[in-house]
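Undergrad: 3D model of this:
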Amino acid sequence: MSKNKKPDQFGFVFSTNPDFSFQPEEPEQVEDVPNHQQPLKIWLDRKQRKGKDVTLITGFTGSGESLEVLAKTLKSKCGVGGSAKGGEILLQGDHRDKVLAFLLEKGYSKAKKAGG
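TA: I've put the predicted structure just below:
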């Protein structure tokens, strides 16, 4: 990105309206749902992953920062890599039992295993 452009004006090119003023869009504020109300489901997934096991935690509702913090804690607890985006946490390998025990300990009372 050029030094002359401000980050919030990236993509704005030109307007013929003389009364136009640039208004940056404000990101939506997602409120964090309390832990005991989060209906988290823990899946074992192999599809589109070349046969490798992946623990998938879905159903998280809250800010991206809260999701990242939970994902980082789970990754360090299980000692594996992974990622978090779109309300889902991916952990490399089958760690459903560890994840379920950890989530129940942290107050996610609606967390449960799902799938086969």
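Undergrad: model confidence over the longest helix anywhere in the chain, on average?
TA: In the chain, taking DSSP state H as the definition, the longest helix is helix 64-78. Helix 64-78 shows an average pLDDT of 93 in the prediction.
Undergrad: what element comes up after that helix heading to the C-terminus?
TA: strand 82-85 (DSSP states H and E).
Undergrad: how far away is the spatially most central residue of the chain from H36?
TA: For the chain, K85 is the residue whose C-alpha lies nearest the centre (C-alpha atoms, centre = their mean; 3.3 Å). Distance, K85 to H36, by C-beta to C-beta, to the nearest Å: 24 Å. For the C-beta atoms, the positions are set from N, CA and C on the backbone; glycine is no exception.
Undergrad: K113 now?
TA: According to C-beta to C-beta, K113 and H36 sit 18 Å apart.
Undergrad: How about A101?
TA: Counting by C-beta to C-beta - A101 and H36 are separated by 16 Å.
Undergrad: And for G62?
TA: To H36, G62 is 13 Å away according to C-beta to C-beta.
Undergrad: who has more neighbours, these two?
TA: The neighbour count for G62 versus H36, taken as other C-beta atoms under 10 Å, is higher for G62 (17 against 10).
Undergrad: Sketch out the strands for the chain, chain order is fine.
TA: Shown for the chain, the strands assigned by DSSP state E span residues 41-45, 54-58, 82-85, 88-92, 112-113.
Undergrad: Which one of those strands lies nearest to S21?
TA: strand 82-85 (33.3 Å; C-beta to C-beta).
Undergrad: And for the closest residue to F102 other than its chain neighbours, the neighbour number?
TA: Nearest residue to F102 in three dimensions, chain neighbours excluded: K77, at 5.5 Å (C-beta to C-beta, 6 or more residues apart in numbering). As a burial measure, K77 scores 14 neighbours (other C-beta under 10 Å).
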